[in-house]
Every structure is written in structure tokens, then in C-alpha cells.
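Participant: coordinates only, sequence not included:
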């Protein structure tokens, strides 16, 4: 089941802010960028790069999946293993807000997402987003 229009608007707003604060510098975005895709109740955070033998085309490689579970009103965090299967993110598999899932992906204490490549940003509240 897809998100409601209102919920989708809030999700896209949070993702847009998160990406704006973390995307690589403008000069290299044609070689490396970040993006997202929403499919049903799943959000995929992706690395976007040109295809090596077709540089005019780009490929999207998901590095994190955030799944909304409506029955529990929780967001579940997953990372992609080396076998290309999604696994629950064990330090904090579930959170109550999308923003907390995005924060956990940036903090990444076990370094399974993009390592230390994602720019952390400190907000006035003192929390990272």
C-alpha cells in the first residue's frame, strides 16, 4: 500500500532537506550524487553514478532501505549485504520517525551504508540530521 498524499508530501520534504545537506559538491554531481526512490512503503537511498561504459546514462545503487510499517507506526532500517540482500540494521532496526532513520544512517556506527562519505549536519537542536 502506498503512502497517502499528505504523508508522501511530508516524506519527500524530509528527504529533500536531508539530500540538500548531504549531496556532493555541484562540480562532481555528474560523476557522483545521492538520490532516493519511493516504492510502496519503502524508501531507497541511492548512490547515483554514470554507467562506466555508457557515461551519458546513470545507474542508481541503493545503499539503504527505510520501510514504513503502518500497523506499528514504525520505520525499519535495512542495509544491503554483500550478497545483495537487505538485512535489518542491528544497532537500531526500528525508529519512530523517518528523520531518526535518516540520522541513524548518517551516524552509521558499524559503517555499513556509505562509510564516512555522508556529510553529517548539526542542527540548532543539537541533533544530527
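Facilitator: Arrived safely, thanks for sending. Computed from a prediction, not measured in an experiment: that's the story for all the values here.
Participant: Helix, strand or coil: sort out the residue nearest to residue 112 when sequence neighbours are not counted for me.
Facilitator: Once flanking residues are discounted, residue 112 sits nearest to residue 79: 4.3 Å by Cβ to Cβ, 6 or more residues apart in numbering. In short, each C-beta sits where N, CA and C put it, glycine included. When classified by DSSP: H, G, I helix; E, B strand; the rest coil, residue 79 comes out as strand.
Participant: now residue 79: how far from residue 69?
Facilitator: 17 Å (Cβ to Cβ, to the nearest Å).
Participant: between the two, which one's more packed in?
Facilitator: residue 79 (18 against 11; other Cβ atoms under 10 Å).
Participant: Show me what that one is bridged to.
Facilitator: With DSSP bridges as the criterion, residue 79 is bridged to residue 64, residue 87.
Participant: wait, it sits on residue 45?
Facilitator: No. Taking contacts as Cβ atoms under 8 Å, residue 79 lies outside contact range of residue 45: 10.2 Å.
Participant: Give me the common contacts of the two.
Facilitator: Common neighbours of residue 79 and residue 45 (criterion: Cβ atoms under 8 Å, 6 or more residues apart in numbering): 63, 64, 65, 113.
Participant: Scan these and report the most crowded one.
Facilitator: For the shared contacts of residue 79 and residue 45, neighbours were counted using other Cβ under 10 Å, and residue 64 has the most, 25 neighbours in all.
Participant: name the helices or strands packed onto the lengthiest helix in the chain?
Facilitator: For the chain, the longest helix by residue count, based on DSSP state H, is helix 5-22. Applying 3 or more Cβ pairs under 8 Å, 6 or more residues apart in numbering; DSSP states H and E, we find helix 5-22 packed against strand 33-39, helix 98-107.
Participant: Please identify the buried residues of the last one?
Facilitator: Going by neighbour count (16 or more other Cβ atoms under 10 Å), the buried part of helix 98-107 is 98, 99, 100, 101, 102, 103, 104, 105, 106.
Participant: mind listing what the most far-flung residue of the chain relative to its centre touches?
Facilitator: Computed with Cα atoms, centre = their mean, the residue of the chain farthest from its C-alpha average is residue 53, at 26.4 Å. Going by Cβ under 8 Å, 6+ apart, residue 53 touches no other residue.
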